[in-house]
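1. everything below, folded, please.
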Amino acid sequence: MNAPLTGAFDEMKAEQQNRFSGRLLELLDHVEYRRVESGEDMEDVARIRFKAYKMADILPLSGTMLIDDIDFDSHAYVFGIYFEERLISTVRVHHVTPQHRVSSSGSIFGAEINGFLDAGMSLIDPVRLAADPEILKELPAIPYLTLRVATMASEHFDVDRCLSLVKPQHAAFYRRVFDADTIVSPQKNCGDYKIDLTLLAARVREIRPWLYTRFPFFDSEPFERRMMFGESGMAQHTPLTVLPTARLALTTQSRSRAQV
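-> Residues are numbered from 1 along each chain as shown. Prediction:
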């Protein structure tokens, strides 16, 4: 491919990327994040998990699998993602440290996770990602809106890696969006899961500037992250819903660049 054609192709890709990011920012204007700590909200999470797991046939659909003890671990954070006040998806985020090793990925690939932790690293382990299958057809951007929680957690806790325990066919998405490295090649019928799984990890500190430039909807302001992941004892002072601050973060960055 000659230079003029290459330049035109790059410009086209950049324009498509800008349109995509703009569309995600528009969708984010209608999103609220809610940290799930009450039994009533956890029941709503269980319903979303049931729908998603039944559609994908990835876990036994017993009540103990839909809500488990790890949901209430001191380093676990369960969120509901609402679009126009409708629950569309959920995710559970684990802050994993050498001193606190509870995680879903660790229960499947313990040797690899312990290898990170024994080296002194800290991790974010986003699991139990589930989206309402019917709404996902209408709103295919749900994975991006949901995984934004993981990018915020990675920055808030200043971890070394963000994990992705996923089906092998989804690994390309995590490599493309988060430049994630493959830690464990695809393994068959892992643990309680009825599917093949692979484990990837993103070098979050290294990719953050690039990620926020390419996908500004992943960015956030510090006060949003504090509301999302603050101590439970602060819950009475924490709003029921947390509104995304990606646009504000983007404006702040633009102001900072203008002042330089």
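2. ok, Thr151 to Ile124 distance?
-> From Thr151 across to Ile124, the span is 9 Å (C-beta to C-beta, to the nearest Å). C-beta here means a position set from N, CA and C on the backbone, and glycine is covered the same way.
3. shared neighbours, those two?
-> Cys162, Val204 (C-beta atoms under 8 Å, 6 or more residues apart in numbering).
4. so the residue nearest in space to the middle of the chain: helix, strand or coil?
-> Residue closest to the mean C-alpha point of the chain, counted by C-alpha atoms, centre = their mean, is Leu147 at 2.4 Å. Classification of Leu147 by DSSP: H, G, I helix; E, B strand; the rest coil places it in helix.
5. can you tell me the closest non-neighbouring residue to it?
-> Counting by C-beta to C-beta, 6 or more residues apart in numbering, Leu147 lies nearest to Pro126, which is 6.9 Å off, once chain neighbours are set aside.
6. tell me which strands and helices the helix or strand harbouring that neighbour is in contact with?
-> Pro126 belongs to strand 123-131 when assigned by DSSP states H and E. Applying 3 or more C-beta pairs under 8 Å, 6 or more residues apart in numbering; DSSP states H and E, one finds that strand 123-131 contacts helix 39-56, strand 86-96, helix 104-108, helix 110-118, helix 142-156, strand 161-166.
7. and Ser217, what is it in contact with?
-> No Ser there; residue 217 is Phe. Ser21, Leu24, Leu25, Leu28, Tyr144, Arg148, Pro244, Ala246.
8. apply 10 Å and report the result again.
-> 20-28, 31, 141, 144-145, 148, 151, 244, 246-247, 249-250 (C-beta atoms under 10 Å, 6 or more residues apart in numbering).
9. quick check: it vs Leu25, distance?
-> Distance from Phe217 to Leu25, by C-beta to C-beta: 5 Å.
10. ditto for Leu199
-> 31 Å.
11. now do the nearest residue to Thr241 once chain neighbours are set aside, the pLDDT please.
-> Nearest residue to Thr241 in three dimensions, chain neighbours excluded: Glu32, at 4.1 Å (C-beta to C-beta, 6+ apart). Glu32 is assigned a predicted lDDT (pLDDT) of 97.
12. what is the burial count for the residue lying closest to Asp118 once chain neighbours are set aside?
-> In this structure, Asp118 finds its nearest non-sequential neighbour in Pro98, 7.2 Å apart by C-beta to C-beta, 6+ apart. Using other C-beta atoms under 10 Å, the number of residues around Pro98 comes to 14.
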